[in-house]
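1. I'd like to go over a predicted model; first the sequence, then the structure.
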Amino acid sequence: MTTRKPATILLTGVNGQVGFELARSLQGLGRVVALDRGRLDLGNLDQVRSVVREVKPTLIVNPAAHTAVDKAESEPDLAMRLNAEAPAVLAEEARRLDAALVHYSTDYVFDGTKIGAYVEDDAVNPQNVYGKSKLAGEQAIAASGCSHLIFRTSWVYGTRGKNFLLTMLRLGAERDELSVVADQIGAPTWSNTIATLTSNVLSQSVVGDPDDWWKRNSGVYHLTASGVTSWHGFAQAIFDNSTLAKKPTVKPIPAASYPTPAARPANSRMSNDKLYATFGVKAPEWEDALRLSLDSLARS
């Protein structure tokens, strides 16, 4: 009987919201080499190649990205380097090593005009630099021919870093009233949910013939929390479930009243049906995950 060599997993962006959670959830699937920006800067493509060739991973998991959506409008070259060119290099190196790549994309590859939830085969039409750069990353990975999973997620938040949850809690403690956009809808997705489902999926790849598994399952999948709400509904739920002594009034406003440098899709709903049909994993309702995240934050 042939003894299978344990996997070596190269994880980027370990200090980010999703990377932090992945560093924990990937334990047990192999040796995790978790690198922060200081050791692996996606803006330095030569360094990216060098690190991958040094680590020689069997799996690369890449949550690192340029995620400042509005800032991307004023620094499109950097957004494209981090979100498209660096993933292209990771994919090329994965193909060279006969390794696999897990990469994360976004609902912003769509224009938000569809009625109902987007599926993986719907036409893409990004409306801002961030969405265009993430789509270019998807396309580069697919073109490389490497084994890959691309998970499109949405409205990501966590208990660390900069995100909507922490911003609302901070502002809610400072103000009596907040105005929040009510005519954009989507699924707030906890970074822990993304990491947990990723690990659940990847655990299936090591049973039986991994090469056959990656050949059958490589592609794009939507991975978001279940359910749907607006930014206003998300904010209201945050305060309803928070331990703030004095909770602000949350006033609904149209997106037109809160202009931003980058256009946002009005509809960011994405169907997880393909994810469930292929891997049998289903994300929790966004409200349930939110309560768990707030419990985690209160204990930290």
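-> Perfect, I can see it now. Numbering: from 1, shown residues only.

2. residues contacting the closest residue to Arg291 other than its chain neighbours?
-> Nearest residue to Arg291, sequence neighbours excluded (Cβ to Cβ, 6 or more residues apart in numbering): Asn241, at 5.4 Å. The C-beta positions use only the backbone N, C-alpha and C, and glycine is treated the same way. Neighbouring residues of Asn241 by Cβ atoms under 8 Å, 6 or more residues apart in numbering: 290-291, 294.

3. show me which of these are buried.
-> Those of the contacts of Asn241 that meet the buried threshold are 290, 294, by 16 or more other Cβ atoms under 10 Å.

4. roughly how far does the residue nearest to Arg291 sit from Thr260?
-> Note on Asn241: its distance to Thr260, by Cβ to Cβ, to the nearest Å, is 26 Å.

5. look up which residues are beta-bridged to the residue nearest to Asn163 when sequence neighbours are not counted.
-> Closest residue in space to Asn163, ignoring its immediate chain neighbours: Tyr157 at 4.1 Å, by Cβ to Cβ, 6+ apart. Tyr157 has the following beta-bridge partners by DSSP bridges: Trp190.

6. can you read off the pLDDT for Tyr157?
-> pLDDT for Tyr157: 97.

7. can you get me a residue count around it?
-> 24 (other Cβ atoms under 10 Å).

8. what residues does it make contact with?
-> So Tyr157 contacts 17, 163-166, 188-191, 293 (Cβ under 8 Å, 6+ apart).

9. which members of the residues you listed occur in strands, if any?
-> In strands, defined here by DSSP state E, the members of those are 189-190.

10. mind listing what's buried along stretch 164-177?
-> 164-166, 168-169, 172.

11. right, I mislabeled it, should have said stretch 49-61
-> 51-52, 55, 57-61.

12. got it, and stretch 18-32?
-> Buried residues in stretch 18-32 (16+ other Cβ under 10 Å): 18-23, 25-26, 29-30, 32.

13. how long is that stretch end to end?
-> 15 Å (Cα to Cα, to the nearest Å).

14. next one: that stretch to chain centre, how far?
-> The chain centre lies 15 Å from the centre of stretch 18-32; the measure is Cα atoms, centre = their mean, to the nearest Å.

15. go on, stretch 179-189?
-> 17 Å.

16. do the same with stretch 292-300
-> 20 Å.

17. what mean pLDDT does that stretch get?
-> 91.

18. what comes up buried for that stretch?
-> 293-294, 297.

19. for those residues, which one is nearest Leu135?
-> For those, the minimum distance to Leu135 (Cβ to Cβ) is 28.4 Å, reached by Ser293.

20. what about the closest one, distance to Pro188?
-> Ser293 is 9 Å from Pro188, by Cβ to Cβ.

21. what touches both of those two?
-> Common neighbours of Ser293 and Pro188 (Cβ under 8 Å, 6+ apart) are 157, 165.
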